[in-house]
Structures are given as C-alpha cells and as structure tokens.
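Novice: Here is my input; please provide its structure:
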Amino acid sequence: MVDRPVTQDTSGDERDVREIEEIFAELEAAFAEHDAAKFDARFTSDVVFTAVNGRRFHGWDDIHGYHRERLTHHADDISTWYEIDRITFPTPTVALVFLRQPVKTPHDQRANIGTWVLTKQDGAWWVCAAQNTGIAAA
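Specialist: Numbering: from 1, shown residues only. Below is the predicted model:
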C-alpha cells in the first residue's frame with residue numbers, strides 16, 4: 001500500500017483565511033459596481049482563468065478585457081456572490097479555494113462552482129488560476 005500525502009486538510013493561518021475571504025468580498029463589491037479594474041485587482045499578471053462557458057484566458061490583460069466587456073455590457077440586473085466551501089493550504093504560500101457562486105438575473109437563477117488557486121507573494125494573496133463550472137440543472 002502506498003502512503004499518500006494529505007494536502008486538502010491542511011489549515012492555514014487565520015489571518016490568511018480572513019485575507020482570502022476579503023478578496024472574495026472585494027470581488028462581489030466590484031461586480032455589483034460593474035468595476036472591472038477593481039474586480040481584476042487581485043489577479044496575477046500571468047493568471048489562467050477559465051470562465052463558466054469554458055473559455056480560457058491567459059494573462060491579466062486577456063481576463064481584464066473579458067471582464068471589462070462583461071461588466072460594462074452584460075451585468076445589468078445580475079447579482080452574484082461567492083459562498084466559500086473550503087480553503088486549504090497545500091503549502092503556506094498556496095491556497096486552494098473551493099466555492100459556489102449563485103447568480104440571479106430577472107429571468108433565472110443558476111450557480112457555478114469553482115476551484116481557485118491563490119499564491120502569497122510579498123505578504124499579499126493573489127489569484128493565479130481559476131476554474132469555473134456551471135452546475136447542470138437536475
């Protein structure tokens with residue numbers, strides 16, 4: 001039998017958890033304000049971001065262009081927020097955030113689930129990768 005390492009049950013410093021939760025609160029506020037610059041403020045320059053539609057973006061400029069267009073032209077009457085299921089720390093400077101993102105529009109309600117990877121650089125947490133998936137209707 002192979003003795004496999006455990007990486008998902010690693011808890012981090014309470015301050016790191018709070019700082020990461022604050023990033024998602026900032027994302028919620030930026031979405032509500034339709035402010036793409038604020039929304040993308042905590043993404044690394046080389047972020048890899050997969051949107052719920054399966055489109056993958058490489059780099060801050062790429063994702064910022066997408067978010068600027070979406071928030072400027074497609075976010076009216078949409079509300080969304082993040083429900084963090086779990087934050088784990090495989091290393092002290094890497095966090096995995098498992099989340100659910102409900103989305104409400106005047107016409108429907110849906111939700112996405114996501115796995116986001118954050119890295120701590122020079123004392124600050126940054127989003128370096130994100131995978132978002134729409135939850136299929138039952």
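Novice: only C-alpha atoms for contact and neighbour calcs from this point on.
Specialist: Will do.
Novice: max-length strand in the chain?
Specialist: The longest strand of the chain (DSSP state E) is strand 109-121.
Novice: Direction included, what does that strand pair up with?
Specialist: Within its sheet, strand 109-121 is paired with strand 94-104 (antiparallel), strand 124-134 (antiparallel), according to DSSP bridges.
Novice: Same list (those strands) but as TSV, adding mean pLDDT.
Specialist: Formatted as TSV, these follow (pLDDT from 0 to 100):
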stretch	mean pLDDT
strand 94-104	95
strand 124-134	96
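Novice: what's downstream of the lowest-mean-pLDDT helix or strand in the chain, the next helix or strand?
Specialist: Sorting the helices and strands of the chain by mean pLDDT, DSSP states H and E puts strand 79-80 at the bottom, at a mean of 88. Of the helices and strands lying after strand 79-80 in sequence (DSSP states H and E), the nearest is strand 83-91.
Novice: Which strands or helices does that next one pack on?
Specialist: Counting contacts by 3 or more C-alpha pairs under 8 Å, 6 or more residues apart in numbering; DSSP states H and E, strand 83-91 packs against strand 94-104.
Novice: could the strands paired with strand 109-121 go into a markdown table alongside distance to Asp40?
Specialist: Formatted as a markdown table, the strands paired with strand 109-121 follow (distance: least, C-alpha to C-alpha, whole Å):
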| stretch | distance to Asp40 |
| --- | --- |
| strand 94-104 | 17 |
| strand 124-134 | 9 |
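Novice: which residues does the most centrally placed residue in the chain bridge with?
Specialist: The centroid of the chain falls nearest to Trp116 when counting by C-alpha atoms, centre = their mean (5.2 Å). Taking DSSP bridges as the rule, Trp116 bridges to Val97, Ala130.
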